[in-house]
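> the following block contains a protein sequence and its predicted model.
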Amino acid sequence: MAPVVNAMRVALISSGAEEFSLLHETCVTEGHHPVAFALSRSMRPRSPADEGMAATIGRIIASIPPETDLLLPGSAEGLGEALAGYHADLAVVYGFNWKLPPAVLQLPRFGVINIHSSLLPEYRGPAPVLWAIRNGDPEIGFTIHRMDHDFDTGPILAQRGGIPLDDDITPERLRVSAEPVIRDLLTVALKRISLNDPGRPQGHAGASRAGLMEPGFSVVDWSSTAREIHNQVRTFRFMGAGRGPVARVGDRWLRVLRTRLGETGGLRVECADGPIWIVESEPAEPPTGSAGPR
């Protein structure tokens, strides 16, 4: 392996144990020194910890190197105050939920870089994979870019597509395909950062937003196409086991957990352009304040 031009002190900022492990291993392999892990313990700053966060923290503590500190800030401002004492040369962000203020972005000597799960400028925002599944994209890509004042608009350091989104995609299946790509991209990005490469400025042609799903997306509208409804169900299934939109079928409400487009066993329902088969569901309460679409 070629010698590292500048060995850097690196802060790692994420929301999961697997993400931290991947970032740490790649940085160490490239000769850099992770000095702190910062974990977003809630979807929004100054909010109670997310469900399951205690288990996530336990997994991180079980594997964190003894020379690396774990930070659990309650706000982005608190994150900045905590990181200031580490004198990091670089911060690497992957899967962090909060927008970082300029004061945090300016702390490390070489700035902050972000690993984003789309081929920017496509799907800027917090939910790129969900929107890719919702839109029926056959694959996604990853981009590593410098962070600036806006969401996912900074210069690009490394980028690659071609990661498949199969019909039964789950976070675990995606992780298996994505981790080798992220590892390679981060290796390239770290080398470019070491050489003070500013990155390639993003254009705005083809830019799109990937915000959180709107409330109405949680209810199936049978006047949509079968493919649209199938992808709606796939999107919820990617969010977690037991997740699904609710639908009125005849005189009952169901949480739709899995569908098929080809003729198969299950409950057949007519959509705008033809049938879909519900192959997994459970009883559900109707949406509050509405009879919902039929």
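Sure, I can see it. Numbering: from 1, shown residues only.
> does residue 144 sit in a helix, a strand or a coil?
Per DSSP: H, G, I helix; E, B strand; the rest coil, the secondary structure class of residue 144 is strand.
> residue contacts, the residue nearest to residue 89 when sequence neighbours are not counted?
Setting aside the residues directly before and after it, residue 89 is nearest to residue 8 in space (Cβ to Cβ, 6 or more residues apart in numbering), at 3.9 Å. Quick note: C-beta positions are derived from backbone N, CA and C, even for glycine. Taking Cβ atoms under 8 Å, 6 or more residues apart in numbering, we find residue 8 in contact with 32-33, 88-90, 110, 190, 193-194.
> give me that answer again for 10 Å
Neighbour list for residue 8: 27, 30-35, 88-90, 92, 108-110, 190, 193-194 [criterion: Cβ atoms under 10 Å, 6 or more residues apart in numbering].
> ok now stretch 87-106, how far from the chain's centre?
Taking Cα atoms, centre = their mean, to the nearest Å, one finds the center of stretch 87-106 at 16 Å from the center of the full chain.
> look up phi and psi at residue 260.
Torsion angles at residue 260 (phi, psi; degrees, to the nearest 10) stand at phi -130, psi 150.
> can you count the residues close to it?
Using other Cβ atoms under 10 Å, residue 260 is surrounded by 18 other residues.
> what's the separation between it and residue 269?
Here residue 260 is placed at a distance of 11 Å from residue 269 (Cβ to Cβ, to the nearest Å).
> wait, is residue 115 part of a strand?
Yes: with the criterion set as three-state DSSP, the secondary structure at residue 115 is a strand.
> what about it, how many residues nearby?
Residue neighbour count, defined by other Cβ under 10 Å, stands at 23 for residue 115.
> for it, give me its contacts.
Under the criterion of Cβ under 10 Å, 6+ apart, the neighbours of residue 115 are 14, 19, 22-23, 92-96, 142-145, 158, 178, 182, 185-186, 189.
> go on, residue 163?
Neighbours of residue 163 in contact, by Cβ under 10 Å, 6+ apart: 117, 129, 132, 139-142, 174, 177-178, 180-182.
> nearest to residue 231 among these?
Ranking the contacts of residue 163 by separation from residue 231, with Cβ to Cβ as the measure, puts residue 132 on top at 9.7 Å.
> spit out the contact partners of the closest one.
Taking Cβ under 10 Å, 6+ apart as the contact definition, residue 132 lies against 117-119, 122-123, 138-141, 163, 165, 169, 210, 231, 235, 238.
> how close does it get to residue 139?
With distances defined as Cβ to Cβ, the gap from residue 132 to residue 139 amounts to 8 Å.
> same deal with residue 27?
When Cβ to Cβ is the yardstick, residue 27 and residue 139 sit 27 Å from each other.
> just the strands from the stretch 151-294 of the chain, written as ranges.
Counting by DSSP state E, counting those that start in this stretch, the stretch 151-294 of the chain has strands at residues 156-164, 246-249, 252-260, 267-270, 275-283.
> okay, these in TSV with mean pLDDT and distance to residue 223 next?
Rendered in TSV, the data for the strands of the stretch 151-294 of the chain read as follows (pLDDT from 0 to 100; distance: least, Cβ to Cβ, whole Å):
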stretch	mean pLDDT	distance to residue 223
strand 156-164	98	30
strand 246-249	97	12
strand 252-260	97	16
strand 267-270	96	10
strand 275-283	97	13
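> make a markdown table out of those strands and add distance to residue 52.
What follows is the strands of the stretch 151-294 of the chain, written out as a markdown table (distance: least, Cβ to Cβ, whole Å):
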| stretch | distance to residue 52 |
| --- | --- |
| strand 156-164 | 25 |
| strand 246-249 | 23 |
| strand 252-260 | 20 |
| strand 267-270 | 32 |
| strand 275-283 | 21 |
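> among the contacts of residue 8, name the buried ones.
The neighbour-count criterion (16 or more other Cβ atoms under 10 Å) marks 27, 30-32, 34-35, 88-90, 92, 108, 110, 190, 193-194 among the contacts of residue 8 as buried.
> among the residues you listed, which are in helices?
For the buried ones among the contacts of residue 8, the ones inside helices are 27, 190, 193-194, with DSSP state H as the criterion.
> quick check, central residue of the chain?
residue 95 (5.1 Å; Cα atoms, centre = their mean).
> and residue 58, what pLDDT?
In the prediction, the pLDDT value recorded for residue 58 is 92.
> including distance to residue 201 and pLDDT, could the ones in helices among the buried ones among the contacts of residue 8 go into JSON lines?
Compiled in JSON lines, those are given as follows (distance: Cβ to Cβ, whole Å; pLDDT from 0 to 100):
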{"residue": "27", "distance to residue 201": "25", "pLDDT": "97"}
{"residue": "190", "distance to residue 201": "20", "pLDDT": "97"}
{"residue": "193", "distance to residue 201": "16", "pLDDT": "95"}
{"residue": "194", "distance to residue 201": "20", "pLDDT": "90"}
